[in-house]
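1. compute the structure for the input listed below.
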Amino acid sequence: MDRNFYLSSLGISVTEEYDFSYAEVHGYAEIVGCRIVFFRKNKYALLDAVDFIEIKPEEFDFCNCILEKIDFPLRFGDSFRKVREMFGKESSVDTFFEHYDRYNYFVSDDYYLSFCVENDMLTGMEIIFSPEIISEISDFR
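-> Numbers count the residues shown, from 1 in each chain. Purely as a prediction, here's the structure:
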C-alpha cells in the first residue's frame, strides 16, 4: 500500500486539519466530507491511518479510485467472501451497529484492518499502521 499518498493530489476539495485527533493521537488529517480521513501524526510522514466511513453505493466509484491510487487490493462493493479470501478469519466482529457488521483484523502490532459489511458488500474500512493508535484501540480486540 502506498503510504505516501495525499488526497489533495487528486485535485479534489480536501479539508486539512492540523490539530486532528485520531484515537487520542494528535496529528494532521486530510478529510473529504465527513466520510474519508487520511491521518498522519506529522503532515510530511507516512500515513498512520485511513478511514472510509459508511460509503454509499453512489460513492463507490470515487472511493474505489482512491483505493486504486493507494494500491489497496479490495474495492467498495466487493463481497465479504473476497475479504476473507484475502485476509482470512477476522480477529473479532462488532455487531452493535444497526445496519452493518464490522470485521476486525489485528494483523500484527503495527497493522490493523477493519471492514464494514452491509448486505454482503464492503461499505467501509479502516486501515491503521501506527502502533500507537493500535494500542489505543486494543481494548476492542
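
2. only C-alpha atoms from now on, for both contacts and neighbour counts.
-> OK.

3. convert the helix or strand hosting Cys116 to CSV, retaining C-alpha atoms only.
-> Secondary structure assignment for Cys116, by DSSP states H and E: strand 111-118. As requested, the backbone C-alpha atoms of strand 111-118 are provided in CSV (Å, rounded to 0.1, in the frame of the first residue of the first chain):
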residue,chain,number,x,y,z
TYR,A,111,-1.1,-3.3,11.2
TYR,A,112,-4.9,-3.3,11.8
LEU,A,113,-7.8,-3.6,9.4
SER,A,114,-11.5,-3.2,9.9
PHE,A,115,-14.1,-3.8,7.2
CYS,A,116,-17.8,-2.7,7.5
VAL,A,117,-20.1,-5.0,5.6
GLU,A,118,-23.7,-4.3,4.7
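
4. quick one: mean pLDDT for stretch 39-51?
-> The average pLDDT within stretch 39-51 is 97.

5. okay, how far is it across it, tip to tip?
-> Stretch 39-51 has an end-to-end distance of 8 Å (Cα to Cα, to the nearest Å).

6. what residues does that stretch touch?
-> Residues outside stretch 39-51 that contact it (Cα atoms under 8 Å, 6 or more residues apart in numbering) are 3-5, 18, 22, 25-30, 35-38, 124-130.

7. buried sites along it?
-> Of all the residues in stretch 39-51, those buried under the rule 16 or more other Cα atoms under 10 Å are Phe39, Arg40, Lys41, Lys43, Leu46, Leu47, Asp48, Ala49, Val50, Asp51.

8. narrow these to those in helices?
-> Using DSSP state H, no member of these sits in helices.

9. CSV please, covering the residues you listed and showing distance to Ser13.
-> Supplementary listing: those in CSV, determined by distance: Cα to Cα, whole Å:
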residue, distance to Ser13
Phe39, 16
Arg40, 18
Lys41, 21
Lys43, 17
Leu46, 21
Leu47, 19
Asp48, 21
Ala49, 20
Val50, 17
Asp51, 17
